[in-house]
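Student: Quick one, fold the following:
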Amino acid sequence: MTKEEALQKIEKVVVEKLQVPAESLFNRSKKRNHIDARQIYFYLCKDRNIRPCYIQDYIFSEHNHKMAHSNILYGQEKIKNEMRVDSDLRNLVKELKCSV
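Tutor: Residues are numbered from 1 along each chain as shown. You can find the predicted model right below:
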């Protein structure tokens, strides 16, 4: 599976499971459920060893949105930290990992 295929699959799984519109996953929406979905997407990409520069390229080429490198790193770290204390989030991410 190529990196682009992996990014598409992760996007599809996150959008379906978290029930957010695909177009709002990468735009500048400040809605909490969109931000959470975006950060979980970034975390799952990190789990698959996909570098932030590939994520940025994918978001720009497929969705015509620019995403800062720091936003990706922050999202990955935030989900990692929240999973330590939130068992519901931990279970959700585990379930998403199995789907990917």
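
Student: So the most centrally placed residue in the chain: helix, strand or coil?
Tutor: The residue lying closest to the centre of the chain (Cα atoms, centre = their mean) is residue 41, at 1.0 Å. At residue 41, secondary structure determined by DSSP: H, G, I helix; E, B strand; the rest coil is helix.

Student: How confident is the prediction for it, by pLDDT?
Tutor: pLDDT for residue 41: 96.

Student: Surely it and residue 11 touch.
Tutor: Yes. Counting by Cβ atoms under 8 Å, residue 41 touches residue 11, with 6.5 Å between them. The way it works is simple: take the backbone N, C-alpha and C, and place the C-beta from them, glycine included.

Student: between these two, what contacts are shared?
Tutor: Residues touching both residue 41 and residue 11 (Cβ atoms under 8 Å, 6 or more residues apart in numbering) are residue 25.

Student: Next one, pLDDT for the most far-flung residue of the chain relative to its centre please.
Tutor: In the chain, counting by Cα atoms, centre = their mean, residue 85 sits farthest out from the average C-alpha position, at 19.5 Å. At residue 85, the model reports a pLDDT of 97.

Student: how close does it get to residue 79?
Tutor: 12 Å (Cβ to Cβ, to the nearest Å).

Student: Kindly report the same for residue 94.
Tutor: On the measure of Cβ to Cβ, residue 94 and residue 79 end up 12 Å apart.

Student: out of these two, which sits in the busier spot?
Tutor: residue 79 (22 against 11; other Cβ atoms under 10 Å).

Student: The more buried one is in what secondary structure piece?
Tutor: In the assignment (DSSP states H and E), residue 79 maps to helix 69-85.

Student: and if you look at residue 65?
Tutor: Applying DSSP H and E, one finds residue 65 in no helix or strand.

Student: about what we covered before: buried ones in the next helix or strand after the helix holding residue 79, by neighbour count?
Tutor: Going down the chain from helix 69-85, the next helix or strand is helix 87-99, by DSSP H and E. The neighbour-count check on helix 87-99 (16 or more other Cβ atoms under 10 Å) flags 89, 92, 93, 96 as buried.
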